[in-house]
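Engineer: Next one to model:
(chains A and B)
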2 protein chains.
Amino acid sequence: MATRTNNPPKPHLGFGTRVRKSPYFESTLKWGCKEYTTYNHMYFPVYYNTPEDDYWSLVNDVTLWDVAVERQVEITGPDATKFTQILTPRNLSDCEVTQCKYVLNTNYDGGILSDPILLRLAENHWWYSISDSDLLLWAMGVAGKGKYDIKLVEPDVSPLQVQGPKSRNVIVDLFGSWINDLQYYWCKETDLDGIPLVVSRTGWSGEIGYEVYLRDEKRGADLYEKIMAAGEPYKIAPTGPSQIRRVEAGIFSY
Amino acid sequence: MATRTNNPPKPHLGFGTRVRKSPYFESTLKWGCKEYTTYNHMYFPVYYNTPEDDYWSLVNDVTLWDVAVERQVEITGPDATKFTQILTPRNLSDCEVTQCKYVLNTNYDGGILSDPILLRLAENHWWYSISDSDLLLWAMGVAGKGKYDIKLVEPDVSPLQVQGPKSRNVIVDLFGSWINDLQYYWCKETDLDGIPLVVSRTGWSGEIGYEVYLRDEKRGADLYEKIMAAGEPYKIAPTGPSQIRRVEAGIFSY
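Structural biologist: Just a heads-up that it's a prediction; the model follows:
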């Protein structure tokens, strides 16, 4: 009869070259990430201290998440807006430049392929900030060969999330007081000491929060350390996305 | 200055519900898998003893790999053959029923999306046995809405590989002497004590080998144990795919 021991051997995660590393990967190791999973063919930090401690940092203070695994499907070109609309049943006609929308991507049967945040950076410049699926493959298939005048790529963009009640203090200290005017589900192109970024007032936490989209993977460690330094007075903690807070907030997890 | 210790904390893999488990997952734990990675949104066993020991089992004896992560893109229906050809630049006009082909799936720019084994089970019944990509999303996008009279799904199919110089002995003992007539890159529908299967003479090892495609996920542990039992006289060892042997054999790794 098969028996279970109280201490089954704990299999571990192999770090190899087939799974991609985020531009913040070395930073997450340095700051003590204890568990990873994978997402969009990349390593994804899960927790640092304990899931419970990480939760309390999120609800009391401020947390920094490496969510570079949220890859972008970028659509540019004269037909960009028309094609972006084809990929989602949500009406985008009222989506203004620098506005964001939470949308679903569905197949022809209504099955959900991804539930991204959609960012409109310019008249004909859109990012689907995707969940765990090769949405770019679907988009390429739908686009066909030359049917639309678009460019469709995964650009060099790697988000971080800064989430928690003190996140606004950290982001204002880093970027300035204009952040106070950034409304929920809007974004702005900016930079931090020359690091090219987009900042949006979005997140997956149920708390106030921001996403910082790095546009130069070589600057990952710089950006990570700048945010950690700015967050120190507010007891910032590196964490993964909190499943506890997510369930509390009634946010879906695909 | 940052320093490295000789014993950096080893982050581990979190087993959760977001990453899928193979029908053989419990068997791989029971037989001592020490490291997993992920592939096609599933846990994928990497090695059991050591990568070197696993290599010697492969080149001297016979090994059993859980490659249920090789998901199938199944195409059936009146336009199945026409549509299957659209997804690959390789000419399929000479692919007979029960024959297999190693093919590439490419996008409109010639970029490689997957490098599957293609199996033709019947006149209008094909499986792309894919590498690590959501190829089904691409195929659905290409198929469009009602342009082809096909059914396009990921069926309940979970492959194992039995690889190594003594693999033929094991497979003949399990299935009978007709296996000796199964040519390289051909397959056959069969069963093992009522477990529905397809057996092909293919693999990723550079050694003689077979793939056993389970068609009922509830029978995973049954099948795994039957193969281990049949392999015992031949010193069968559960292993992951051998990167060492793969490099020796000049097999690509996408």
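Engineer: How about the residues of the stretch 51-200 of chain A by chain B?
Structural biologist: A:107-108, A:113, A:132-135, A:137-146 (Cβ under 8 Å from any Cβ of the partner chain). For glycine as for every other residue, the C-beta is placed from the backbone atoms N, C-alpha and C.
Engineer: I'd say residue A:120 and residue A:103 touch.
Structural biologist: No. With contact defined as Cβ atoms under 8 Å, residue A:120 does not count as touching residue A:103 (11.3 Å).
Engineer: For residue B:12, see how far away whichever residue of chain A sits closest to chain B is.
Structural biologist: For chain A, the residue closest to chain B is residue A:141, as judged by Cβ to the nearest Cβ, at 2.1 Å. Applying Cβ to Cβ, to the nearest Å, the value for residue A:141 to residue B:12 is 36 Å.
Engineer: more crowded one of these two?
Structural biologist: residue A:141 (21 against 14; other Cβ atoms under 10 Å in any protein chain shown).
Engineer: Remind me which helix or strand that one belongs to.
Structural biologist: helix A:135-143 (DSSP states H and E).
Engineer: Can you identify each of the strands in the stretch 1-150 of chain A by residue range?
Structural biologist: Applying DSSP state E, counting those that start in this stretch to the stretch 1-150 of chain A gives strands spanning A:12-13, A:35-39, A:42-47, A:62-66, A:72-76, A:100-102, A:105-106, A:112-114, A:117-122, A:125-129.
Engineer: would you turn these into a markdown table with mean pLDDT?
Structural biologist: Formatted as a markdown table, these follow (pLDDT from 0 to 100):
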| stretch | mean pLDDT |
| --- | --- |
| strand A:12-13 | 74 |
| strand A:35-39 | 92 |
| strand A:42-47 | 94 |
| strand A:62-66 | 98 |
| strand A:72-76 | 98 |
| strand A:100-102 | 97 |
| strand A:105-106 | 96 |
| strand A:112-114 | 96 |
| strand A:117-122 | 98 |
| strand A:125-129 | 98 |
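Engineer: Which among these is found nearest to residue B:233?
Structural biologist: Ranking these by proximity to residue B:233 (Cβ to Cβ) places strand A:12-13 first, at 32.3 Å.
Engineer: Name the residues of stretch A:21-40 that come out as buried.
Structural biologist: A:22-25, A:27-31, A:33-40 (16 or more other Cβ atoms under 10 Å in any protein chain shown).
Engineer: now stretch A:150-159
Structural biologist: Buried, per 16+ other Cβ under 10 Å, within stretch A:150-159: A:150, A:152, A:157, A:158, A:159.
Engineer: Can you give me every residue that contacts the nearest residue to residue A:182 once chain neighbours are set aside?
Structural biologist: With Cβ to Cβ, 6 or more residues apart in numbering or on different chains as the criterion, residue A:182 has its nearest non-adjacent residue at 4.9 Å, and that residue is residue A:201. For residue A:201, the contact set (Cβ atoms under 8 Å, 6 or more residues apart in numbering or on different chains) comprises A:182, A:183, A:184, A:185, A:186, A:187, A:209, A:210.
Engineer: Check the strands of the stretch 1-150 of chain A for me and report the most buried one.
Structural biologist: Ranked by average neighbour count under the criterion mean count of other Cβ atoms under 10 Å in any protein chain shown, those are headed by strand A:62-66 at a mean of 28.
Engineer: Tell me the helices and strands packed up against it.
Structural biologist: helix A:25-30, strand A:42-47, strand A:158-163, helix A:167-175, helix A:220-231, strand A:236-238 (3 or more Cβ pairs under 8 Å, 6 or more residues apart in numbering or on different chains; DSSP states H and E).
Engineer: picking that back up, return the members of the contacts of residue A:201 classed as buried.
Structural biologist: Judged by 16+ other Cβ under 10 Å, buried ones among the contacts of residue A:201: A:182, A:185, A:186, A:187, A:209, A:210.
Engineer: The third one contacts residue A:95, correct?
Structural biologist: No. Under the criterion of Cβ under 8 Å, residue A:186 is not in contact with residue A:95, lying 10.7 Å apart.
Engineer: Between the two ends of stretch A:122-134, how far is it?
Structural biologist: Terminal residues of stretch A:122-134 are spaced 24 Å apart (Cα to Cα, to the nearest Å).
Engineer: Stretch A:167-181 too?
Structural biologist: 14 Å.
Engineer: Output the strands of the stretch 1-150 of chain A as a markdown table; include the columns distance to residue B:230.
Structural biologist: Listed next are the strands of the stretch 1-150 of chain A as a markdown table, based on distance: least, Cβ to Cβ, whole Å:
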| stretch | distance to residue B:230 |
| --- | --- |
| strand A:12-13 | 30 |
| strand A:35-39 | 34 |
| strand A:42-47 | 38 |
| strand A:62-66 | 46 |
| strand A:72-76 | 47 |
| strand A:100-102 | 52 |
| strand A:105-106 | 45 |
| strand A:112-114 | 41 |
| strand A:117-122 | 52 |
| strand A:125-129 | 49 |
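Engineer: Residue B:234 is nearest to which of the ones you listed?
Structural biologist: strand A:12-13 (29.6 Å).
Engineer: So how do I select the buried members of the residues of the stretch 51-200 of chain A next to chain B in PyMOL?
Structural biologist: Command for PyMOL that selects the buried part of these, burial taken from 16+ other Cβ under 10 Å:
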select buried, chain A and resi 107+113+132+133+134+135+137+138+139+140+141+142+143
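Engineer: Which strands and helices lie in contact with the helix or strand bottoming out on mean pLDDT in chain A?
Structural biologist: Lowest by mean pLDDT, DSSP states H and E among the helices and strands of chain A is strand A:12-13, with a mean of 74. On a contact count with 3+ Cβ pairs under 8 Å, 6+ apart, strand A:12-13 meets strand B:12-13, strand B:35-39.
Engineer: Turn those into TSV, including distance to residue B:239.
Structural biologist: TSV is the format used below for the helices and strands packed on strand A:12-13 (distance: least, Cβ to Cβ, whole Å):
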stretch	distance to residue B:239
strand B:12-13	18
strand B:35-39	11
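Engineer: for those strands, which one sits closest to residue A:86?
Structural biologist: strand B:35-39 (30.1 Å).
Engineer: So what's the gap between that closest one and the chain middle?
Structural biologist: Counting by Cα atoms, centre = their mean, to the nearest Å, strand B:35-39 is centred 14 Å from the centre of its parent chain.
Engineer: who's in contact with it?
Structural biologist: With contacts defined as Cβ under 8 Å, 6+ apart, strand B:35-39 is touched by A:11-14, A:16, A:18-19, A:37-38, B:13, B:19, B:43-47, B:69, B:132, B:240.
Engineer: if we can go back for a sec, my guess is the residue of chain A closest to chain B meets residue B:139, correct?
Structural biologist: Yes. Using Cβ under 8 Å, residue A:141 is in contact with residue B:139, at 7.0 Å.
Engineer: which neighbours do those two share?
Structural biologist: With Cβ under 8 Å, 6+ apart as the test, residue A:141 and residue B:139 reach no residue in common.
Engineer: can you pull the contacts of residue A:122?
Structural biologist: Contacts of residue A:122 by Cβ under 8 Å, 6+ apart are residue A:97.
Engineer: Show me what the mean pLDDT comes to for stretch A:190-209.
Structural biologist: The pLDDT scores in stretch A:190-209 average 96.
Engineer: and it, which residues are buried?
Structural biologist: Those would be A:190, A:192, A:195, A:197-209, for stretch A:190-209 by 16+ other Cβ under 10 Å.
Engineer: same thing with stretch A:43-61?
Structural biologist: Quick answer for stretch A:43-61 (16+ other Cβ under 10 Å): A:43-48, A:51, A:54-59, A:61.
Engineer: What of stretch A:227-237?
Structural biologist: Buried, per 16+ other Cβ under 10 Å, within stretch A:227-237: A:227, A:228, A:230, A:231, A:234, A:236, A:237.
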